[in-house]
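1. Return a 3D structure for these sequence lines:
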Amino acid sequence: MTGHVLIVDALAINRIVLKAALSAAFYVVKQASTASEAIEICTDETPDVILIGGDLPDMSAADLIQRFDMLCTAPVPPVMILLTANNPEARVAALQAGASDVLAHPLDEDELFARLRALLRQRRLDSDLVTHAKTANALGLSEDPVAFTGPERAAILSADETTAKAICARLTPFCNYQLVPVSHDRAAQILSGRAKPDVTLLHIDCDTEAGLRRLASLQAGSNGRDMRVIALTETETSGHAAKLLDMGASDVVHLHDGTSLEDHELAFRLTQQMARKKQSDTLRGHLENGLQAAVIDPLTGLHNRRYAQVYLRRMIDDARAEQQRCAVMIADLDFFKSVNDTFGHAAGDRVLIRTAEVMRDALPNDTMIARIGGEEFLIAVPDTTLPDVRALARHVGRMVRENDVPLADRQGSVHVTVSIGATLVHPANMGELTADMLIEQADKALYDSKSGGRDTVTVTLRPAA
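-> I've put the predicted structure just below:
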């Protein structure tokens, strides 16, 4: 996995060494010796990842990260800070400054590249979600997603619950969310439950191969698609960390003896992954809302005309292949304009909503109902017969007729009826049948029902092509 990397470091030797290593791995590299140069580069083109090394002459790393947040379009590129010396205070300070990750010199190339790949994976996932969400917004399809709901939970997963509880006790002073200790034998139950954790901290003891298998099992599970896993290792080897990151771990942290600063760093990284999952969930919510809005009528909750067209094409193809009959009904509310004129448009909306519910409940599971116009509904019936179509249409009409729509504030109710036109197609008569042709013929049958007195049913057969 390659990408565009910006190196920001006041020392030329550091930039040269990093650029040589990254270029050899086919990364596209740009360099800046000051914060001002870095800001200028990002103004022209946003990199995929930013590496900040050492002290800069014109701005602190924390201030520069804030400038990137304001300057770069979402999603903001992740920043990795490369420390000149490895100590807990500096690592915690770097993370608190807004860094996505932190490493210290001397750099291990395998781990550096593995961490870069992990950051790039997340950035590209977020970029895709942002792009799709923006498309939905531009088309007027997206609504605000449901807010992220708590309580936020993190699972501490270890071979035995005693170890998991000990890790929980160390992290609790630094976390404002729920920590749940889990042993391996209870993992499936906890991780797949309704209150599943947002992030899992996977403790890996000296048996590194077993830890790798456990991570693979978590990633392959039904919740692996959006699961955040931090690998907490007792074996501090770069090759092991690189393997875990490339297998899908969101982060890898070495378990130290437990100084307050080291526990604070681990808790901060856990909180950081919680925030990233929240951001991804929000973006995914925008996308899912947009996709739903593309095929759902917002007033009644039924499918819309766009979905109905696709469904009818598929139903026709299936009927042709299986040599089965299929039918389409169009139901239209009678005298709906007078409802709006007499009771107001709010009452008209209540009539549409309630009528949609009644018709949907009256239909068998293998049918599809959609709202295709103001007060017009389409019902698709696969694999049916002429007597069954007539009986179903009459049943739908009767259910609407017998269920008056109550008005708001106990102001009585509205009696409504529907006229229904239906057409049945025999496989021998399909020819070059299209969804539009089927709708047109059902519309003609509906016209006959309207002109015949309303609150009636007309069923026609499609003639041979």
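2. can we go C-alpha only for contacts and neighbour counts from here?
-> Fine.
3. Check which residues of the top helix by length along the chain are buried.
-> Taking DSSP state H as the criterion, the chain has its longest helix at helix 260-295. Across helix 260-295, burial judged by 16 or more other CA atoms under 10 Å covers 262-274, 276-278, 280-295.
4. And stretch 112-126, by the same measure?
-> Buried, per 16+ other CA under 10 Å, within stretch 112-126: 112, 113, 114, 115, 116, 117, 118, 119, 120, 122, 123, 126.
5. so what's the first one closest to, chain neighbours aside?
-> Leaving aside its chain neighbours, residue 112 sits nearest to residue 103 (7.8 Å; criterion: CA to CA, 6 or more residues apart in numbering).
6. Pop out the phi and psi values for the one you found.
-> The phi/psi pair for residue 103 (degrees, to the nearest 10) reads phi -130, psi 160.
7. Now do the same contact list for it.
-> Applying CA atoms under 8 Å, 6 or more residues apart in numbering, one finds that residue 103 lies in contact with 80, 81, 82, 83, 86, 91, 112.
8. quick revisit: other residues contacting the helix or strand that comes right after the longest helix of the chain?
-> Counting by DSSP states H and E, the next helix or strand C-terminal to helix 260-295 is helix 305-322. With CA under 8 Å, 6+ apart as the test, helix 305-322 has contacts from 294-296, 325-326, 369-373, 378, 380, 382-383, 427, 430, 433-436.
9. Only the buried subset of those, as a PyMOL command please.
-> PyMOL command restricting these to the buried ones, with burial defined by 16+ other CA under 10 Å:
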select buried, resi 294+295+296+325+326+369+370+371+372+378+380+382+383+427+430+433+435
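10. Among the contacts of residue 103, which ones are in helices?
-> Cross-referencing the contacts of residue 103 against helices under DSSP H gives 91, 112.
11. now, the most widely separated pair of the contacts of residue 103?
-> 91 and 112 (15.4 Å; CA to CA).
12. how close does the residue nearest to the spatial centre of the chain sit to residue 277?
-> Closest to where the C-alpha atoms of the chain average out (CA atoms, centre = their mean) is residue 284, at 2.6 Å. Using CA to CA, to the nearest Å, we find residue 284 at a distance of 10 Å from residue 277.
13. For the lowest-mean-pLDDT helix or strand in the chain, buried residues please.
-> Using mean pLDDT, DSSP states H and E, the weakest-scoring helix or strand in the chain turns out to be helix 187-191, at a mean of 74. For helix 187-191, burial by neighbour count (16+ other CA under 10 Å) applies to 187, 190, 191.
14. nearest to residue 29, of those residues?
-> Distances from the buried residues of helix 187-191 to residue 29 were compared by CA to CA; the smallest belongs to residue 191, at 40.1 Å.
15. Touching, that closest one and residue 201? I think so.
-> No - the criterion here is CA atoms under 8 Å, and residue 191 misses it with residue 201 at 11.8 Å.
16. Which strand or helix spans residue 366?
-> Counting by DSSP H and E, residue 366 is part of no helix or strand.
17. pretty sure it contacts residue 381?
-> Yes - with contact defined as CA under 8 Å, residue 366 reaches residue 381; the gap is 7.3 Å.
18. Pick out whichever of the two has more residues nearby.
-> A count of neighbours by other CA atoms under 10 Å puts residue 381 above the other of residue 366 and residue 381, at 25 against 9.
19. can you tell me which helix or strand that one belongs to?
-> Using DSSP H and E, residue 381 falls in strand 376-382.
20. Can you list the buried residues in the following helix or strand past that strand?
-> Proceeding N to C from strand 376-382, the next assigned helix or strand is helix 386-402, under DSSP H and E. Using 16+ other CA under 10 Å as the test for burial, helix 386-402 gives 386, 389, 390, 392, 393, 394, 396, 397, 398, 399, 400, 401.
21. Was I right to think the second one contacts residue 325?
-> Going back to what we said before, that points to residue 389. No - using CA under 8 Å as the test, residue 389 is too far from residue 325 to be in contact (10.6 Å).
22. Return every residue with contacts to both of the two.
-> residue 424.
23. Test of understanding: give the bridge partners of residue 377.
-> residue 331, residue 371 (DSSP bridges).
24. And for it, the neighbour number?
-> Around residue 377 there are 25 other residues, counting by other CA under 10 Å.
25. quick one: contacts for it?
-> Residue 377 neighbours (CA under 8 Å, 6+ apart): 330, 331, 332, 369, 370, 371.
26. Give me the distance between it and residue 458.
-> Counting by CA to CA - residue 377 and residue 458 are separated by 15 Å.
27. Please apply the same query to residue 39.
-> Per CA to CA, residue 39 is found 70 Å from residue 458.
28. what's the answer for residue 347, then?
-> Noted for residue 347: a distance of 29 Å to residue 458, by CA to CA.
29. ditto for residue 355
-> With the distance defined as CA to CA, residue 355 ends up 20 Å from residue 458.
30. More neighbours: which of those two?
-> residue 355 (25 against 22).
31. I'd like to know which elements whichever strand or helix holds the more buried one is packed against.
-> Using DSSP H and E, residue 355 maps to helix 345-362. Where contact means 3 or more CA pairs under 8 Å, 6 or more residues apart in numbering; DSSP states H and E, helix 345-362 is packed against helix 336-343, helix 386-402, strand 405-406.
32. What mean pLDDT does stretch 304-321 get?
-> Mean per-residue pLDDT for stretch 304-321: 91.
33. Could you list the buried residues of that stretch?
-> Quick answer for stretch 304-321 (16+ other CA under 10 Å): 304, 305, 307, 308, 309, 312, 313, 315, 316, 318, 319, 320.
34. For burial, what's the neighbour tally of residue 227?
-> When neighbours are defined as other CA under 10 Å, residue 227 has 21 of them.
35. Could you do the one 3 residues further on as well?
-> Neighbour count of residue 230, defined by other CA under 10 Å: 25.
36. again with residue 20
-> Residues near residue 20, counting by other CA under 10 Å: 13.
37. Does it fall in a helix, a strand, or a coil region?
-> Of the three states, residue 20 takes helix under DSSP: H, G, I helix; E, B strand; the rest coil.
38. how far away is it from residue 259?
-> The value you get for residue 20 to residue 259, if CA to CA is used, is 37 Å.
39. go on, residue 107?
-> The gap separating residue 107 from residue 259 is 24 Å, by CA to CA.
40. likewise residue 374?
-> 67 Å.
41. for residue 32, same thing?
-> Counting by CA to CA - residue 32 and residue 259 are separated by 36 Å.
42. Neighbours of residue 247, how many?
-> Count around residue 247 with other CA under 10 Å applied: 16.
43. excluding its backbone neighbours, what's nearest it?
-> residue 216 (7.0 Å).
44. Show me how far the least confident helix or strand of the chain is from its chain's centre.
-> Taking CA atoms, centre = their mean, to the nearest Å, one finds the center of helix 187-191 at 22 Å from the center of the full chain.
45. after that helix comes which helix or strand?
-> Following helix 187-191 in sequence order, the next helix or strand is strand 199-204 (DSSP H and E).
46. All good on my end, thank you.
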